[in-house]
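1. Structure for this input, please:
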Amino acid sequence: MDTALLVVDIQNDFCPGGALAVPNGDSIIAQVNKLLLEYPTSVFTQDWHPRAHCSFASSKGLPPFSLDPESANQSILWPDHCVAGTSGADFHPALHSWKARYILRKGTRQELDSYSAIMENDKKTPTGLAGLLSSLGVTKVLVCGLATDYCVKSTALDARRAGFEVTVVEDAVMGIDAKPGDIRAAFEEMRQAGCDFATTDDLLNRKGK
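-> Alright, predicted model coming up:
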């Protein structure tokens with residue numbers, strides 16, 4: 001076992017109809033389900049925020065998508081989303097979530113957000129996932145899910161920093177592109193960091209050889 005599939009944040013609130021929907025976010029689910037058939041070492045990440053979380057615009061009395069005046073790097077403040085225990089935080093019903101070997105809940109601390117599955121947003125606090133994967137003998141990770149220009153990118157970059165070989169599954173990620181060009185820039189940043197890219201069919205064809 002040297003490869004793990006990281007399925008990032010395919011939750012109701014990030015899919016059409018959700019509180020912070022990625023356009024066409026649910027369109028990648030069929031591809032992810034195909035990958036789950038072939039990669040049994042899978043980790044599903046799940047945003048799991050307490051109410052009045054620091055990333056919520058409502059917690060600062062500001063409109064959604066404002067810049068956080070309390071953040072050194074001017075983080076975006078989001079609509080309330082993926083509140084722990086709500087249906088919005090559930091995995092999308094079309095996702096074969098029963099195939100998850102592990103589930104990592106992130107953004108659980110009131111005062112600290114987490115885009116990446118590897119490190120919290122303070123860039124100092126590990127989530128523990130890198131250690132778990134290493135203990136399983138994993139050296140390569142495949143990254144899919146939502147959203148390309150936020151949690152997928154952060155997970156891929158931190159996985160590279162942690163020493164894993166990283167492949168981003170191009171047709172099993174979907175981005176927001178809040179500022180036109182964000183998705184393209186995310187792909188370029190991941191490429192510059194040493195991430196590889198492949199389609200679902202590429203990966204399944206390799207497995208079949």
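
2. now residue 188, what's its secondary structure?
-> Residue 188 falls in the helix class when you classify it by DSSP: H, G, I helix; E, B strand; the rest coil.

3. From residue 144, how far off is it?
-> Remark: distance between residue 188 and residue 144 (C-beta to C-beta, to the nearest Å) = 19 Å. All C-beta spots, glycine's among them, are computed from the backbone N, C-alpha and C.

4. ok, these two, which is more surrounded?
-> When neighbours are counted by other C-beta atoms under 10 Å, residue 188 and residue 144 differ, and residue 144 comes out ahead with 29 against 11.

5. isn't the more buried one right next to residue 29, touching?
-> No: counting by C-beta atoms under 8 Å, residue 29 is not a contact partner of residue 144; they are 9.9 Å apart.

6. Give me the sheet partners of the strand ranked longest in the chain and which way each runs.
-> Counting residues, the longest strand found in the chain (DSSP state E) is strand 165-174. Here strand 165-174 has these sheet partners by DSSP bridges: strand 140-146 (parallel), strand 196-198 (parallel).

7. Now the first one: buried residues?
-> Taking 16 or more other C-beta atoms under 10 Å as the basis for neighbour counts, the residues of strand 140-146 that come out buried are 141, 142, 143, 144, 145, 146.

8. Next up, the contacts around residue 96.
-> 32, 33, 36 (C-beta atoms under 8 Å, 6 or more residues apart in numbering).

9. Tell me the one among those residues nearest to residue 113.
-> For the contacts of residue 96, the closest approach to residue 113 (C-beta to C-beta) belongs to residue 32, at 23.8 Å.

10. Could you pull out the helices in this protein for me?
-> Using DSSP state H, the helices found in the chain span residues 29-38, 129-135, 153-161, 182-192, 200-208.

11. which one of those helices lies closest to residue 100?
-> Per C-beta to C-beta, nearest to residue 100 of those: helix 29-38, 8.4 Å.

12. I'd like the average pLDDT over the closest one.
-> Taken as a whole, helix 29-38 has a mean pLDDT of 98.

13. how far is it from where the chain is centred?
-> 16 Å (C-alpha atoms, centre = their mean, to the nearest Å).

14. Now do that helix against strand 140-146, angle only.
-> Counting by axes from the mean of the first three to the mean of the last three C-alpha atoms, to 10 degrees, helix 29-38 lies at 150 degrees to strand 140-146.

15. Mind exporting the C-alpha coordinates of the helix or strand of the chain with the lowest mean pLDDT to PDB?
-> Across the helices and strands of the chain, mean pLDDT, DSSP states H and E gives its lowest value to helix 200-208, namely a mean of 89. What follows is helix 200-208, C-alpha atoms only, in PDB (Å, rounded to 0.1, in the frame of the first residue of the first chain):
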ATOM      1  CA  THR A 200      -9.400   9.600 -13.800                       C
ATOM      2  CA  ASP A 201      -9.000   7.400 -16.900                       C
ATOM      3  CA  ASP A 202      -5.200   7.800 -16.900                       C
ATOM      4  CA  LEU A 203      -5.100   6.500 -13.400                       C
ATOM      5  CA  LEU A 204      -7.500   3.600 -13.900                       C
ATOM      6  CA  ASN A 205      -5.700   2.600 -17.100                       C
ATOM      7  CA  ARG A 206      -2.400   2.500 -15.200                       C
ATOM      8  CA  LYS A 207      -4.100   0.300 -12.500                       C
ATOM      9  CA  GLY A 208      -5.300  -2.100 -15.100                       C
END
